[in-house]
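J.: Fold the following for me, if possible:
(2 chains)
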Amino acid sequence: MRNVVYPLRVSEVISETKQAKTIRFDVPTELIDEFHWRPGQHITIELEANGEKLRRPFTISAAQGNGRSLQITVKPNPDGIVSKYLCSAVKAGHQLNVMPPFGGFTLVPRSDHQRTLYFFAGGSGITPAMAMIEAALEDEPRSKLYVLYANRSADGIIFKEHLEQLAERYPSQLEVRHILSKPSMWSMFSPWKSGRISKDVILEYLSECRPIAQDAQYFICGPDSMNNDVRGALQNCDVPADRIHAESFGGDTGAQTEVTSVPALLKLDYYGEAIELEVAEGQSIMNAVRAAGLEPPYSCQSGICGACKAQIKSGAVHMQARMALEDAEVAKGAILTCQSYATTPELSVSFR
Amino acid sequence: MSTHSNGMPVLPKEAYTSQEWFDREQALIFSKTWALAGFQEDITEPGQYISVQAGLNNIFIVMGRDHRLRAFHNICRHRGTQLLRAEGKTQKAITCPYHDWTYDLEGNLISVPEQEKEFPGIDLSCNGLKKASVDIWRGMLWVHPDENAPSIVNWFGDVEPYLAPYDPAGLIETEEGYSKHEIKANWKIIVENYIDGYHLAHLHSHTLNMYDHSKIECEFIGPHFAFWEPLADFYAAEVEKVTPMPLIPGIPKDRMGAWVPMLFPGIGLGESENSWSTFHITPVAPDRSIVEIRTRVANESTWAFTKAAMASASFWDKHLGTKYNGDPNVDPMSSGDFMLEDIYACEQQQKSLQSPYFEHGPSSKHGEKPVRDHQSVVAKWMESDQ
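T.: Model (predicted):
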């Protein structure tokens, strides 16, 4: 990805639930290619607060095409300056600084594919799933989509009506089920289940929602505790790890905190330019690169978004968190530079 | 080899008689295409499995606890022993009967008895089961020997619009509709009979006259043959009243009839207004084939079937009959059963191929064009020797 920020005009702000808002953007014609996105990708919003630049990734919550705008759906995070600002202060007509779409947690529909696509979404984790669902319904019509959507209570369900409308419009393609951990006694809404997503719930779910197409893929996007539960339950039912794709939405990242790093000489291939620099003990590759005056792309700084991805060519690093990478990518040398600490005195890394 | 355009057959006589041709077909056609493995409902529970022969490959399909099917070559990676027989149910693992090597349902080798002593340094991860492909299409299970097979949607996608406009998975199998025949004929003779439109009005003049053979629409779509013909007028006029079985819902009135495709290689479907069946030809020798027929019908009550049979009995007594009036127990042409008529015709052809006086005759311009087309498809696959 390129490390460029564009001012985009907010065209519309929509209240999805009491807390969550959808923010839509006008993308000027000359930026349409730059802002082309795949379902599941994010954009980065950059704000200045107290003289400091803050960058945070937000998932695009719609598929491209059919007249849909670039949009993000945001729930205010109690500790999040950016998300609170987006949900309270942003109005139609405002301008926001936005970096183009990126991210590897994607679903690329193929019209000649017949797959079974399972989505396990929790809370605002529905946002990437929503884009994937819209894209698959329209562009992969032979595939069957099963959505299990977990929330605390019915009034917090983002896109509830939208999902209902899609299920009505595509009855043979889409089946949506809800699970609520704290359903309100006064709600008219009756979920498929109450409680948490446990091993037994997953077992029951899979026996009721069976794959016809045998190319089954499992997308999990929710808080870490839910993701870990669902992944564990799926693997417990013999789902191979390479069919499970997960992205974290809030909660504890489950990162290892103990760092065993060494000072190192870093040979950098920085977009074709050869640069050598020192990495201090306990300093991340990203921080070392930025300290040298370079501006590599980055966004969430917690291993979730994948914006700072690079390739390691020699040497080794320890990654504190690597949610944004699939095992297969790590095996091929992908690293998240903001989470990587040198464990060999020499290493070479390539940014492309 | 004769050419296609002059109305003469494409394949030589040896294609129907020689062991060498047969062996090459097994390797080049039946081991490189999607093979029918059964009906979707044959495997419904985790741990349940079936094994099937697909050309030179024995493949088993097993369901995991995620209800997804996996297919593996039925060969232990140790000495090649067949792991699973026919059909049954296993738990979390598959154990070879020979030396108890054990694999999990992902095909990973998880246990070798006396591993330390007998196989020091063995890397279990290099000895997993060889994977095959499995998928469900039109309510049927299909396997392909290649783990990275082209998708089943691409294989059958182009012919789909030419099939019956209902979903066979919504029908139920009937025991009365099952039969298995060992036919003393090459598999291609049986296919050619199946797709020959010329013989319908003659061999089956009294047994398949409920369809109008003068209005056949048929053509090859890639390697697959598509065929449709409407109901005969006398039947169409009161089909709701005189259908011998409840009608299958979903067919528009003006398309009421029979879709009878022949999918490559040798998998016929019979999709009609009141029944749906598979006609699965398995070659066993140059001059011998097994045909297995399974049938599904509308998901209606026994009473609905009894009622339809009773209400239509006298109507069909009037309209159906036998080609000849001989002894039905001796002469297939007097049986009133179109399957026996077909088997007779196929076996007689195979027999004549042995005669030194046999010579291919001319084939008809329209009705037998599919026969020559199928021979061209076979010829093409036989050339693709890589």
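
J.: So which residues make contact with stretch B:321-337?
T.: Identification of contacts with stretch B:321-337 by CB atoms under 8 Å, 6 or more residues apart in numbering or on different chains yields B:Leu203, B:His204, B:Ser205, B:His206, B:Thr207, B:Leu320, B:Leu340, B:Glu341, B:Ile343, B:Tyr344. No exception for glycine: its C-beta is placed from N, CA and C like everyone else's.

J.: in that stretch, what counts as buried?
T.: B:Thr322, B:Lys323, B:Pro332, B:Met333, B:Ser334, B:Ser335 (16 or more other CB atoms under 10 Å in any protein chain shown).

J.: Chain neighbours aside, what residue packs nearest to the second one?
T.: Put plainly, it is B:Lys323. Counting by CB to CB, 6 or more residues apart in numbering or on different chains, the nearest residue to B:Lys323 once its immediate chain neighbours are dropped is B:Met333, at 4.8 Å.

J.: before we move on, the earlier item: I'd like the contacts of stretch B:321-337 as a markdown table, with pLDDT and secondary structure appended.
T.: Putting the contacts of stretch B:321-337 into a markdown table (pLDDT from 0 to 100; DSSP: H, G, I helix; E, B strand; the rest coil) gives the following:
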| residue | pLDDT | secondary structure |
| --- | --- | --- |
| B:Leu203 | 76 | helix |
| B:His204 | 73 | coil |
| B:Ser205 | 74 | coil |
| B:His206 | 73 | coil |
| B:Thr207 | 74 | coil |
| B:Leu320 | 78 | coil |
| B:Leu340 | 86 | helix |
| B:Glu341 | 85 | helix |
| B:Ile343 | 92 | helix |
| B:Tyr344 | 90 | helix |
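
J.: With respect to chain A, which of these is nearest?
T.: B:Ile343 (35.1 Å; CB to the nearest CB).

J.: what are the ranges of the strands in the stretch 1-150 of chain A?
T.: A:6-15, A:21-26, A:42-49, A:52-59, A:70-74, A:95-102, A:116-122, A:144-151 (DSSP state E, counting those that start in this stretch).

J.: Just say which of those strands is most tucked in.
T.: strand A:116-122 (a mean of 26; mean count of other CB atoms under 10 Å in any protein chain shown).

J.: What helices and strands are in contact with that one?
T.: helix A:126-139, strand A:144-151, strand A:216-222, helix A:224-236 (3 or more CB pairs under 8 Å, 6 or more residues apart in numbering or on different chains; DSSP states H and E).

J.: so which of the ones you listed comes closest to chain B?
T.: Checking the helices and strands packed on strand A:116-122 against chain B by CB to the nearest CB gives strand A:216-222 as the closest, at 5.1 Å.

J.: just to revisit the earlier point, can you tell which of the helices and strands packed on strand A:116-122 is closest to B:Val159?
T.: Set against B:Val159 and scored by CB to CB, those come closest in strand A:144-151, at 21.5 Å.

J.: what's that closest one packed up against?
T.: strand A:116-122, helix A:126-139, strand A:174-180.

J.: Name the next helix or strand downstream of it, please.
T.: As assigned by DSSP states H and E, the chain's next helix or strand after strand A:144-151 is helix A:160-169.

J.: Export that next one to PDB, keeping only CA atoms.
T.: Presented in PDB, the C-alpha positions along helix A:160-169 are these (Å, rounded to 0.1, in the frame of the first residue of the first chain):
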ATOM      1  CA  LYS A 160     -30.400  -6.100  11.400                       C
ATOM      2  CA  GLU A 161     -33.000  -4.900   8.800                       C
ATOM      3  CA  HIS A 162     -30.500  -5.000   6.000                       C
ATOM      4  CA  LEU A 163     -29.700  -8.600   6.700                       C
ATOM      5  CA  GLU A 164     -33.400  -9.500   6.900                       C
ATOM      6  CA  GLN A 165     -34.000  -7.800   3.500                       C
ATOM      7  CA  LEU A 166     -31.100  -9.700   1.900                       C
ATOM      8  CA  ALA A 167     -32.300 -13.000   3.300                       C
ATOM      9  CA  GLU A 168     -35.700 -12.300   1.800                       C
ATOM     10  CA  ARG A 169     -34.300 -11.300  -1.600                       C
END
